[in-house]
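1. The following comprises the amino acid sequence and a computationally predicted model.
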Amino acid sequence: MAQELRARGIVPLDSLEVMVVVDNETDTLSSVDDGVPQIPEVVHLAARTPAERTYAGHQCKTVFDQLCCGCHGLSVLITGRRADRTHSLLFDVGPYPEIWLDNARRLGIDLASIEHIFLSHWHFDHSGGFPQVIAAIGAARAAAGLGRPVVDLHPDRPDQRGILLPNGVMIMLPPDPTFEAIAQAGGEIIKQSDSHAICGGFFLGSGAIDRVTEYETGLVGHHTFRGDVGEPDPLIMDERFVAAWVRGRGVSVFSACSHAGIVNACLGAKTHFPDLPVDIVLGGYHLAGKAMEQRIAATVRDLEVRIAPRLVAPGHCTGWRAKARLANVFAPGRYAPSVVGTLYRLNALPDQPLQDGSVPGIRPSGGPLSAAPKTDRSTG
């Protein structure tokens, strides 16, 4: 079975560890429901901090000067384990390199362990940390005698993007970093628009996300600029998600902004893993803002009924109104919001056989991952 799975491109993992390096919110005090595999920042920080004194037999540790800082953006470190192998993928880098680097230091992240950096889409709050973050990771890997980090990018890079507000003002995002700047920082660029296996099949990087639902129609007012030419671009078709499969748990979906719609992203993951349940759905659900908030009810309904994930972990651009609705439906026990510094540990569970007696697998030969994808490794 393992050989067949490897031939198809994606392998089941024994565990998946997910560390949120950048997110809009910080919340290390809220309780976690029983059975939810989420560890608050202060808990895992205290576990690796030495005691400075004892009081009445208790270890005393100072940790509140080491908490991460939140900002508008997202970056998640995803580490998969299978037998004696481990691979780490960095999903986006957030907007500010100094925030990412400082949070990574506070979280005790080994930069040399990061071998693959995947950009979900060309928006500054996800790409702005390039190229400094790449340079830091590349330097750490070089010092450890390891190769350059692979930087996985969609080839259709805009020069700049913005959102036209109802009052007529276009709010511009800063220009995205260029391919040249990323390459000069030490990244080995892969330009990829199709679905593909990553890190020896530990992870799946998606291609374009099919728009299936009738209400997930893109980001209202969004425009893309190339040179001096701008045009409406609500669909943002360069957006991609990452997925990973943990044995007995199902497929985890990481969607940075969900401009395609979080339900569409989950449905896209299910096309690659048709027999598996959805485990955790982490990232921005982009349901903030008056126009986007009209989709909250339909999105929450379809997540509950159509996708039925084990856990929802909304963060970044989801918005408090949508988070409140999600918590009302999925809590207790299935709501684990993404906040900076939080850690999720997803360990394998016993595989549940299908009705025909087989063990759940990915789409058979002839599906989206049946052939090796065409990859452009140019740096221009």
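-> Received the coordinates, thanks.

2. residue closest to the middle of this protein?
-> Centroid check for the chain by CA atoms, centre = their mean gives Phe254 as the closest residue, at 3.8 Å.

3. Specify the beta-bridge partners of it.
-> Beta bridges link Phe254 to Val242, Leu282 when assigned by DSSP bridges.

4. quick one: contacts for it?
-> 18, 76, 78, 91, 241-244, 282-283 (CB atoms under 8 Å, 6 or more residues apart in numbering). Where C-beta positions appear, they are placed from N, C-alpha and C, glycine not excepted.

5. same deal with Val339?
-> Residues near Val339 by CB under 8 Å, 6+ apart: 20, 23, 25-28, 41, 70, 315.

6. helix or strand for His87, which one?
-> Per DSSP states H and E: His87 is located in strand 85-91.

7. Distance check, the nearest residue to Ala331 once chain neighbours are set aside against Arg301.
-> Closest residue to Ala331 apart from its sequence neighbours, by CB to CB, 6 or more residues apart in numbering: Asp33 at 6.7 Å. From Asp33 across to Arg301, the span is 22 Å (CB to CB, to the nearest Å).

8. quick one: Asn24 and Phe91, what's the gap?
-> Distance, Asn24 to Phe91, by CB to CB: 16 Å.

9. more neighbours, those two?
-> The neighbour comparison of Asn24 against Phe91 (other CB atoms under 10 Å) goes to Phe91, with 28 against 20.

10. beta partners for the closest residue to the more buried one other than its chain neighbours?
-> The shortest distance from Phe91 to any non-neighbouring residue, by CB to CB, 6+ apart, is to Val76 (4.5 Å). Beta bridges link Val76 to Val20, Phe91, judged by DSSP bridges.

11. Tell me if I'm right that Val76 and Met19 touch.
-> Yes: the criterion here is CB atoms under 8 Å, and Val76 meets it with Met19 at 7.0 Å.

12. ok, now which ones touch Arg249?
-> Remark: with contacts taken as CB under 8 Å, 6+ apart, Arg249 is in contact with 277, 279, 310, 346-349.

13. Among the residues you listed, which has the minimum pLDDT value?
-> Looking at these by pLDDT, the weakest one is Leu349, with 92.

14. count of neighbours near that residue?
-> Residues near Leu349, counting by other CB under 10 Å: 13.

15. Help me confirm that it is found in a strand?
-> No: Leu349: not assigned to a strand; according to DSSP: H, G, I helix; E, B strand; the rest coil it is coil.

16. Nearest spatial neighbour of it, chain-adjacent residues omitted?
-> Gly248 (3.2 Å).

17. Report pLDDT for that neighbour.
-> For Gly248, the pLDDT comes out at 95.

18. what about it, how many residues close to it?
-> Neighbour count of Gly248, defined by other CB under 10 Å: 18.

19. can you start the count at 419 instead of 1 from here on
-> In the new numbering, first residue 419, that becomes Gly666.

20. Just to check, it is in contact with Pro768?
-> Yes: the criterion here is CB under 8 Å, and Gly666 meets it with Pro768 at 5.2 Å.

21. Find residues that contact each of the two.
-> Residues touching both Gly666 and Pro768 by CB under 8 Å, 6+ apart: none at all.

22. so how far is Glu443 from the closest residue to Thr444 other than its chain neighbours?
-> Closest residue to Thr444 apart from its sequence neighbours, by CB to CB, 6+ apart: Gly488 at 4.5 Å. As judged by CB to CB, Gly488 and Glu443 stand 5 Å apart.

23. Name the residues contacting each of the two.
-> Taking CB under 8 Å, 6+ apart as the criterion, Gly488 and Glu443 both touch 757-758.

24. Look at Arg644 and say how many residues are nearby.
-> By the measure other CB under 10 Å, the count of residues near Arg644 is 12.

25. What pLDDT is listed against it?
-> So, for Arg644, pLDDT stands at 93.

26. Could you identify the pair within the contacts of Val757 that is furthest apart?
-> Maximum pairwise distance in the contacts of Val757, criterion CB to CB, is 14.2 Å, between Thr446 and Gly733.

27. Which one's more surrounded, these two?
-> Taking neighbours as other CB under 10 Å, Thr446 and Gly733 compare with Gly733 leading, 24 against 18.

28. mind checking the SS state of the closest residue to that one other than its chain neighbours?
-> The spatial neighbour of Gly733 that comes closest, neighbours along the chain excluded (CB to CB, 6+ apart), is Ser756 at 2.9 Å. Following three-state DSSP, we place Ser756 in the coil state.

29. Next up, the contacts around Ser756.
-> Going by CB under 8 Å, 6+ apart, Ser756 touches 438, 441, 494, 700-701, 731-734.
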